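Q: Model the following, please.
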Amino acid sequence: LTKQERSLIERVFSVKVYDHYGLAETIVMLHDFGDSIYFNCTEYGFLELLETENPEEKRIIGTNLNNYKFPLLRYDTGDLAIVENNKIIGILGRKDQFIFDYNKKVPSVNFYTTFYKVDGILQWQMVQESKNEICIRLKIDSRFDSKEVTQKLDSLINLSIQKKYFVNEEFEKSEEGKINPIIQRVLNEEFISF
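A: Numbering: from 1, shown residues only. Now for the predicted structure:
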């Protein structure tokens, strides 16, 4: 839940919004009390926050306490938390759900907000296979002009790398048949030289 999303929901529905983070593997469960500070439900799982190259980002590692048949011990969720003064103040999501824009990582959450701002986009997917280019697949409502949609989107996506658009073509699926919005095939090491 981004700050913008929280603010919009609270304004539109005149309610206080509480964020929740959990996993299908029932490893850890975090929630806030509407103040953007996340607390771990200790009866659910044991949480560890491991260092990354960025002191404000920590890897979320968990041990579930409710799975008596096959507990997962020190399971790396693949997610990152934003930490300030030893408190979790946000969830970045998957560590591999970033777009690399030359010398910086752009979290996928930035793109979710952008794609929802553009009318006509029904579904989207970003695939980065090289450090110089990103492929953006779009499913666009037939009532909208695809050229206008991609031009508007192009003006909103602030990336230095080249963007290629593929409209109403097949989306890439994972082995499980899921369509992941961000597919990152560029390794961090490729960007060390920048």
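
Q: List the buried residues in the lowest-mean-pLDDT helix or strand in the chain.
A: Ranked by mean pLDDT, DSSP states H and E, the weakest helix or strand in the chain is strand 104-107, scoring a mean of 74. For strand 104-107, burial by neighbour count (16 or more other CB atoms under 10 Å) applies to K105, P107. Bear in mind the C-beta positions are built from the backbone N, C-alpha and C, glycine included.

Q: Likewise for stretch 23-37?
A: Neighbour-count burial for stretch 23-37, counted by 16+ other CB under 10 Å, picks out L23, T26, I27, V28, M29, L30, D32.

Q: Just the ones of those residues in helices?
A: The members of the buried residues of stretch 23-37 all map outside helices under DSSP state H.

Q: Hmm, which of the residues you listed is lowest in pLDDT?
A: Of all these, L23 carries the smallest pLDDT score, 80.

Q: for it, what are its contacts?
A: Going by CB atoms under 8 Å, 6 or more residues apart in numbering, L23 touches G62, T77, D79.

Q: now it: how far from D76?
A: Here L23 is placed at a distance of 11 Å from D76 (CB to CB, to the nearest Å).

Q: mind listing the strands in this structure by residue range?
A: Using DSSP state E, the strands of the chain run over 20-21, 30-31, 39-40, 45-51, 57-64, 75-84, 87-94, 98-101, 104-107, 121-130, 133-140, 162-167, 182-184.

Q: out of those strands, which comes closest to R6?
A: Ranking the strands of the chain by proximity to R6 (CB to CB) places strand 87-94 first, at 10.7 Å.

Q: picking up where we left off before, what lines up beside the least confident helix or strand of the chain in the sheet?
A: The partner list of strand 104-107 in its sheet, established with DSSP bridges, is strand 98-101 (antiparallel).

Q: Which residues belonging to the partner strand are considered buried?
A: For strand 98-101, burial by neighbour count (16+ other CB under 10 Å) applies to F98, I99, F100, D101.

Q: Please determine how far the spatially closest residue to the last one that is not a sequence neighbour is located from N64.
A: I take that to be D101. Computed as CB to CB, 6 or more residues apart in numbering, the closest residue to D101 that is not its neighbour in sequence is L159, at 4.9 Å. Here the criterion is CB to CB. By it, L159 lies 38 Å from N64.

Q: pLDDT weak spots in the protein?
A: 1-2, 93-97, 103, 109, 176, 187-194 (pLDDT under 70).

Q: cutoff 50 now
A: 189-194 (pLDDT under 50).

Q: In stretch 118-136, which residues are buried?
A: Residues of stretch 118-136 classed as buried by neighbour count (16+ other CB under 10 Å): V118, G120, I121, W124, Q125, M126, V127, Q128, K131, I134, C135, I136.

Q: Just give me the closest of those to P107.
A: After measuring the buried residues of stretch 118-136 against P107 - CB to CB - the closest member comes out as M126, at 12.0 Å.
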